[in-house]
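>>> Fold the following for me, if possible:
(one chain, ligands or ions: 1)
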Amino acid sequence: MIDYQPSAQCLANKTLLVTGAGDGIGKQASIHYAKYGATVILLGRTVAKLEQVYDEIVAAGYPEPAIVPLDMKGATPQNYQDMVNTITDQFSRLDGALLNASMLGELTPFVNIAGQIWDDVMQVNLNAQFYLAQALIPALQKANNSSLLFTTSGVGNQGRAYWGPYSISKFATEGMMQVIADEYEKSGLRTNAINPGATDTKMRQTAFPAEDKSKIASAEAIMPAYIYLMCDDSIGVNGQRINAQS
Ligand code: NAP
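Numbers count the residues shown, from 1 in each chain. Here you go, the predicted structure:
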């Protein structure tokens with residue numbers, strides 16, 4: 001794991017958006033960001049899961065979060081813009097966004113990839129990130145220092161047989177991260193991509209159903225890297241692909 005020990009209130013007074021906040025890594029990131037003082041905007045498609053995360057955060061006495069239900073498969077560019085407008089109306093500023101929501105699609109030989117699966121994976125894992133980033137960047141620039149954090153994968157810079165759409169969408173995500181990081185290099189906005197590494201979540205279980213879960217990291221265990229990249233200790237880190245498990 002990345003060896004980083006955050007100070008108790010390192011995210012105090014920050015407002016952070018997390019996509020895919022209802023489950024897996026996004027859920028743990030939301031709870032940990034709140035624990036370290038942030039007001040977290042929980043974006044996801046399953047309201048009941050978002051409400052559970054909301055309840056957990058409030059019960060722990062952390063800053064009250066907000067819920068934004070949105071299915072990124074069907075969302076339009078205008079939906080993202082409207083969402084960001086609502087956030088900026090409601091909160092004085094936005095200090096960071098963890099673009100975490102993704103779908104796996106199907107693991108299948110390249111020649112067998114169904115067009116619909118390709119389209120869905122590209123819509124959620126790539127197009128949605130593009131429209132979201134376009135809408136978010138002006139809001140993030142209003143903060144003195146802000147962090148835009150994409151999520152990549154071990155197959156995001158090294159292709160692997162049968163992982164077609166997912167792997168290709170993560171390569172493109174890394175490309176998008178690098179373009180934005182380069183464009184905003186001299187600004188207060190830093191843009192990076194995090195690779196969680198093998199982590200015990202529903203997505204991992206779908207990809208590796210027979211795996212011994214006790215041998216892989218829990219979502220909680222990889223949180224130091226997620227916290228580091230949102231707090232001010234990572235100011236100056238830009239355009240990087242960061243492994244949460246080193
Ligand atoms: P997960 O447990 O499947 O969680 C994914 C989250 O994304 C869920 O909250 C899900 O919502 C949300 N989501 C999926 N499709 C969505 C849509 N159309 N609109 C809105 N939200 C949607 O996956 P995870 O393992 O935590 O993965 C988190 C990130 O880490 C992903 O980007 C993944 O590619 C990456 N990653 C994971 C691993 C790993 O080993 N786990 C390794 C490398 C990279 P619902 O709860 O409503 O389904």
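
>>> buried stuff in stretch 51-64?
By 16 or more other Cβ atoms under 10 Å, the buried positions in stretch 51-64 come out as 53-54, 57, 62-63. Glycine gets a C-beta too; all of them are placed from N, C-alpha and C.

>>> Restricted to helices, list those.
Using DSSP state H, the subset of these located in helices is 53-54, 57.

>>> Redo the buried residues of stretch 51-64 as a markdown table? Include pLDDT and distance to the ligand.
What follows is the buried residues of stretch 51-64, written out as a markdown table (pLDDT from 0 to 100; distance: Cβ to the nearest ligand atom, whole Å):
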| residue | pLDDT | distance to the ligand |
| --- | --- | --- |
| V53 | 98 | 9 |
| Y54 | 98 | 14 |
| I57 | 98 | 15 |
| Y62 | 98 | 19 |
| P63 | 98 | 21 |
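
>>> Identify, from the residues you listed, the entry nearest to Y4.
Minimum distance to Y4 across the buried residues of stretch 51-64 is 19.8 Å, recorded for Y62 (Cβ to Cβ).

>>> OK, contacts around that closest one?
By Cβ atoms under 8 Å, 6 or more residues apart in numbering, Y62 lies in contact with 31, 34-35, 37.

>>> biggest helix in this protein, by residue count?
With DSSP H setting the assignment, residue counts place helix 164-183 as the longest helix in the chain.

>>> so what secondary structure elements neighbour the helix or strand that comes right after that one?
Downstream of helix 164-183, the first helix or strand assigned by DSSP states H and E is strand 189-195. Packing partners of strand 189-195 (3 or more Cβ pairs under 8 Å, 6 or more residues apart in numbering; DSSP states H and E): helix 128-141, strand 146-151, helix 164-183, strand 241-243.

>>> Can you give me the neighbour number for whichever residue of the chain sits closest to the ligand?
Nearest residue of the chain to the ligand: G24, at 2.3 Å (Cβ to the nearest ligand atom). If you count neighbours by other Cβ atoms under 10 Å, G24 ends up with 22.

>>> Who are the contact partners of the nearest residue to it once chain neighbours are set aside?
Excluding the flanking residues, the one nearest G24 by Cβ to Cβ, 6 or more residues apart in numbering is T201, at 3.4 Å. By Cβ under 8 Å, 6+ apart, T201 lies in contact with 23-25, 219.
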